[in-house]
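In: for reference, the sequence and a predicted model appear below.
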Amino acid sequence: GAGVSQSPRYKVAKRGQDVALRCDPISGHVSLFWYQQALGQGPEFLTYFQNEAQLDKSGLPSDRFFAERPEGSVSTLKIQRTQQEDSAVYLCASSFSGGGYTFGSGTRLTVV
Amino acid sequence: QKEVEQDPGPLSVPEGAIVSLNCTYSNSAFQYFMWYRQYSRKGPELLMYTYSSGNKEDGRFTAQVDKSSKYISLFIRDSQPSDSATYLCAMSATGQAGTALIFGKGTTLSVSS
């Protein structure tokens, strides 16, 4: 596609519920990142994929967070047993190589 | 102290003003510096990408990096209402694929007509 596509745009989850957030990167982009952006803050790194390999997951805040990119294109970020502090915008970004990345519009997760 | 500090504003200016946005950082390993613009309920959009110290100009936008002072700036000339957005600085130690960006908090800019 022309840009990075994320779905759903908005998600409301009850505390304790599992959620799955999808990212469809620009076709051919090797690198894929997930970032978390809390209200009034800049994005913070969660995890990085090069093709299907998850090379860096040092930013995942707990073992409730899990990401995958099984075929090296679409990626899913899963959060288990959601808590209120997980409320944020989850941004996906992709690039062909290094340099600046193209971000999606994000998924706004609200945990109630 | 965070690695990247950015005054969140808000900053309000009249149309046509020159806007100066700034970030300071503490990690001397940072070599690559970016400015992103983020409209409400949208993802960040890359505006400027610079390596090491110096200036880079693109239309109404000029990015400056002073590594000796660990200080970067974005200047917007002849500001327009469409420039109203949050501006995020970001930086990294390398430009290689897979390098995570460290972002500032963002400065909210409002340009009134």
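Out: Perfect, thanks for sending it. Remember, predicted model here, so these are calculated numbers, not experimental data.
In: can you give me the strands for chain B?
Out: B:4-5, B:11-14, B:19-25, B:32-38, B:45-51, B:54-58, B:61-66, B:71-76, B:85-92, B:102-103, B:107-112 (DSSP state E).
In: now the residue most central in space within chain A: how far from chain B?
Out: Nearest to the mean C-alpha position of chain A, counting by C-alpha atoms, centre = their mean, stands residue A:34 at 3.7 Å. The gap separating residue A:34 from chain B is 10 Å, by C-beta to the nearest C-beta, to the nearest Å. To be clear about C-beta, it is placed using only N, CA and C from the backbone, and glycine gets the same treatment.
In: beta partners of that residue?
Out: Counting by DSSP bridges, residue A:34 is bridged to residue A:47, residue A:92.
In: residue contacts, it?
Out: Each residue near residue A:34 by C-beta atoms under 8 Å, 6 or more residues apart in numbering or on different chains is listed here: A:23, A:46-47, A:67, A:75, A:77, A:90-92.
In: out of those residues, who's nearest residue B:105?
Out: Ranked by distance to residue B:105 (C-beta to C-beta), those are led by residue A:91 at 15.0 Å.
In: pLDDT at the closest one, what is it?
Out: In the predicted model, residue A:91 carries a pLDDT score of 98.
In: do residue B:98 as well
Out: 81.
In: flag every residue of chain B that's near chain A.
Out: B:4, B:6, B:8, B:34, B:36, B:41-46, B:49, B:88, B:90, B:94-106 (C-beta under 8 Å from any C-beta of the partner chain).
In: how near is the residue located most distally from the centre of chain A to chain B?
Out: Centroid-distance maximum for chain A: residue A:112 at 20.1 Å, with C-alpha atoms, centre = their mean. Residue A:112 sits 19 Å away from chain B, going by C-beta to the nearest C-beta.
In: residues in contact with that residue?
Out: With contact taken as C-beta under 8 Å, 6+ apart, residue A:112 is in contact with A:12-15, A:84.
In: what's the closest of these to chain B?
Out: residue A:12 (15.5 Å; C-beta to the nearest C-beta).
In: is the closest one located within a strand, as I assumed?
Out: Yes - looking at residue A:12 with DSSP: H, G, I helix; E, B strand; the rest coil, it is inside a strand.
In: let's verify the residue nearest to it when sequence neighbours are not counted: helix, strand, or coil?
Out: Closest residue to residue A:12 apart from its sequence neighbours, by C-beta to C-beta, 6 or more residues apart in numbering or on different chains: residue A:110 at 4.9 Å. Under three-state DSSP, the three-state class of residue A:110 is strand.
In: and the buried ones among the residues of chain B next to chain A, selectable in ChimeraX?
Out: Selection of buried members from these for ChimeraX, criterion 16 or more other C-beta atoms under 10 Å in any protein chain shown:
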select /B:4,6,34,36,43,44,46,49,88,90,97,98,99,100,101,102,103,104,105,106
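In: quick check, pLDDT for the spatially closest residue to residue A:39 that is not a sequence neighbour.
Out: Nearest residue to residue A:39 in three dimensions, chain neighbours excluded: residue A:88, at 7.4 Å (C-beta to C-beta, 6+ apart). Per-residue confidence (pLDDT) for residue A:88: 98.
In: ok, now how distant is residue A:88 from residue A:59?
Out: With distances taken as C-beta to C-beta, to the nearest Å, residue A:88 is found 13 Å from residue A:59.
In: which one's more surrounded, those two?
Out: residue A:88 (20 against 16; other C-beta atoms under 10 Å in any protein chain shown).
In: no further queries at this time; thank you.
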